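A.B. asks: A structural model of the following input is requested.
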Amino acid sequence: MTGSATLPAHRAVALVARREFRVQVTKRSFWISNAIMVLVIVGGMVAYAVFGSGDDRPTVGVAGDASLAAAVTTAGERLGLPVEVRQLPSAAAGRDAVAAGDLDVALTADGPAGAVAVVDSEVPSATRAVLDAALTDRATASALATVGITPAELAAATPPAGLTVDALDPADPEAAQRTALSFVVLIVMFMQIVGFGLAVAMGVVEEKSSRVVELLLSTIRPLHLLWGKVLGIGAVGLVQLLLYGVVGIGAGIATGLLTITGTALGVFGAALGWFVLGYAFFAVLYAAAGSLVSRQEDVNSTTGPLMMLLFAMYGVSFWFLGSPDSAVLGVLSWIPPFPAMLMPLMIADGSATAGHVAGSALVMLVALVLLAKAGARVYERSVLRIGATVPWREALRSR
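C.D. replies: This is a model prediction of the structure:
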């Protein structure tokens, strides 16, 4: 092979990377698939904002005294448990509405301090708290009226009372958003790594079957050709992931589904960084796997182990969503390639320290360098062998 002295390493890698990037982005299927994906992201968020976050306030119908309806509304707002209050023409109408499922509670005044609540089976605890507070307010107002004092006068004469809470482990107000973002990041990361890893393998097979690789290797070293292909296709994946993230965050903020932009941007940035490491790790393996076969229909036979490893990572990541405190997952977050999917979830969860993130990234980088050298050897030994599939064991042992 004469290519090692023909082109400097940086020029060779850059040349191949530019070529691969242009090939991918000039495909019509690339633009069509991305347009569809953007529409799905925006449409899905708009649909969820319109239909998926409907008003789940309990409905309370009040028959008779209008002051009781006002008391229920005021009590719900004061307790932070708003209810939808409807005025009913009669108690019988309220009973019928509850039986038909149109109301959760039908309330009928029973004297100045009481009421009768008609429900299907029981009053939910939150609704019961609102109704009890409303009846207490109404009874208090009635008692004050008998002595000539209005509720406003009583409130003015009563010193303000408040409870200050000092929580030892305060709840995370962004927990729900973190969980949702983690779930989305997990699925997108998996799809991107699989999709663009397969693109690397298919590109290698295409060059091998057309004998183009023989011309390339006459001027470019195998390691440079390998990294040029990995970087070029990976750049397309990174741009695509960036597009999806910008569109998704923008649509989420516009529809009100994302309210804390710092969390969303932090998770997005982590996803980009760990995608680069995870993609590079698997792309090298996919390139080596592609070099073992001469036909694209045989790629699945050599990439099968990689898919099994990816699905293992996927399963472990879902395990984290259910058991984030597992000690086993803490160990796996240091073992490549598991950090590629686990660390974005840990960052979103807030459980990853800066040292943990930096250490896992360093371990991934070291593993990637070693893997790249091994992958280049497999690539070099197998890419010029036309015909039967080269077994992994033979490619690793051959000299």
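A.B. asks: for the chain, where's the lowest mean pLDDT among helices and strands?
C.D. replies: helix 151-157 (a mean of 75; mean pLDDT, DSSP states H and E).
A.B. asks: Tell me who's in contact with the spatially most central residue of the chain.
C.D. replies: A centroid search over the chain (C-alpha atoms, centre = their mean) returns Val184, at 2.1 Å, as the residue closest to the centre. If a contact means C-beta atoms under 8 Å, 6 or more residues apart in numbering, then Val184 has Gly248 as its contacts. The way it works is simple: take the backbone N, C-alpha and C, and place the C-beta from them, glycine included.
A.B. asks: can you pull the buried residues of the helix or strand harbouring it?
C.D. replies: Using DSSP states H and E, Val184 falls within helix 175-209. Buried residues in helix 175-209, counted by 16 or more other C-beta atoms under 10 Å: 177-178, 180-182, 184-186, 188-190, 192-194, 196-205, 207-208.
A.B. asks: Quick check: next helix or strand after it?
C.D. replies: From helix 175-209, the next helix or strand downstream (DSSP H and E) is helix 212-216.
A.B. asks: what packs against whichever helix or strand comes after that next one?
C.D. replies: Moving toward the C-terminus from helix 212-216, the next helix or strand (DSSP H and E) is helix 222-255. Judged by 3 or more C-beta pairs under 8 Å, 6 or more residues apart in numbering; DSSP states H and E, helix 222-255 is in contact with helix 9-25, helix 28-47, helix 175-209, helix 261-291, helix 354-382.
A.B. asks: now the host helix or strand of Gly315, how far from the chain's geometric center?
C.D. replies: Using DSSP H and E, Gly315 sits within helix 299-322. Chain-centre distance of helix 299-322: 18 Å, with C-alpha atoms, centre = their mean, to the nearest Å.
A.B. asks: Give the rounded mean pLDDT of the helix holding Val184.
C.D. replies: Helix 175-209 shows a mean pLDDT of 84.
A.B. asks: and it with helix 354-382, angle?
C.D. replies: Between helix 175-209 and helix 354-382, the angle comes out at 20 degrees (axes from the mean of the first three to the mean of the last three C-alpha atoms, to 10 degrees).
A.B. asks: so which of the helices and strands packed on helix 222-255 is the most packed in?
C.D. replies: Across these, averaging neighbours per residue (mean count of other C-beta atoms under 10 Å) puts helix 261-291 on top, at a mean of 23.
A.B. asks: Which strands or helices does that one pack on?
C.D. replies: helix 175-209, helix 222-255, helix 299-322, helix 339-349, helix 354-382.
A.B. asks: Same list, those, but as TSV with distance to Leu107 please.
C.D. replies: As requested, the helices and strands packed on helix 261-291 are exported to TSV (distance: least, C-beta to C-beta, whole Å):
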stretch	distance to Leu107
helix 175-209	32
helix 222-255	35
helix 299-322	41
helix 339-349	43
helix 354-382	55
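A.B. asks: closest to Val38 out of those helices?
C.D. replies: helix 222-255 (5.3 Å; C-beta to C-beta).
A.B. asks: Measure how far that closest one is from the centre of its chain, please.
C.D. replies: With C-alpha atoms, centre = their mean, you get 16 Å for helix 222-255.
A.B. asks: Mind listing what's buried along it?
C.D. replies: 222-238, 240-241, 244-245, 247-249, 251-252, 255.
A.B. asks: Look up how far Ile335 lies from Ser182.
C.D. replies: 20 Å (C-beta to C-beta, to the nearest Å).
A.B. asks: ignore the last one, Val98
C.D. replies: 58 Å.
A.B. asks: if we can go back for a sec, could you export the helices and strands packed on helix 222-255 to CSV, including columns for distance to Pro89?
C.D. replies: Below are the helices and strands packed on helix 222-255 laid out as CSV (distance: least, C-beta to C-beta, whole Å):
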stretch, distance to Pro89
helix 9-25, 66
helix 28-47, 37
helix 175-209, 40
helix 261-291, 48
helix 354-382, 63
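A.B. asks: Please save the CA atoms from stretch 162-181 in PDB.
C.D. replies: Output of stretch 162-181 as PDB, limited to C-alpha atoms (Å, rounded to 0.1, in the frame of the first residue of the first chain):
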ATOM      1  CA  GLY A 162     -48.500  31.800  57.300                       C
ATOM      2  CA  LEU A 163     -46.500  28.600  57.400                       C
ATOM      3  CA  THR A 164     -42.800  28.600  56.400                       C
ATOM      4  CA  VAL A 165     -41.700  25.200  55.100                       C
ATOM      5  CA  ASP A 166     -38.000  24.200  55.600                       C
ATOM      6  CA  ALA A 167     -37.700  21.000  53.500                       C
ATOM      7  CA  LEU A 168     -34.700  18.700  54.100                       C
ATOM      8  CA  ASP A 169     -35.100  17.300  50.600                       C
ATOM      9  CA  PRO A 170     -37.200  19.800  48.600                       C
ATOM     10  CA  ALA A 171     -39.100  18.500  45.600                       C
ATOM     11  CA  ASP A 172     -37.700  19.200  42.200                       C
ATOM     12  CA  PRO A 173     -40.300  21.500  40.400                       C
ATOM     13  CA  GLU A 174     -38.800  20.400  37.000                       C
ATOM     14  CA  ALA A 175     -38.900  16.600  37.700                       C
ATOM     15  CA  ALA A 176     -41.800  15.900  35.400                       C
ATOM     16  CA  GLN A 177     -40.100  17.900  32.600                       C
ATOM     17  CA  ARG A 178     -36.800  16.100  33.200                       C
ATOM     18  CA  THR A 179     -38.500  12.700  32.900                       C
ATOM     19  CA  ALA A 180     -40.300  13.600  29.700                       C
ATOM     20  CA  LEU A 181     -37.100  15.000  28.100                       C
END
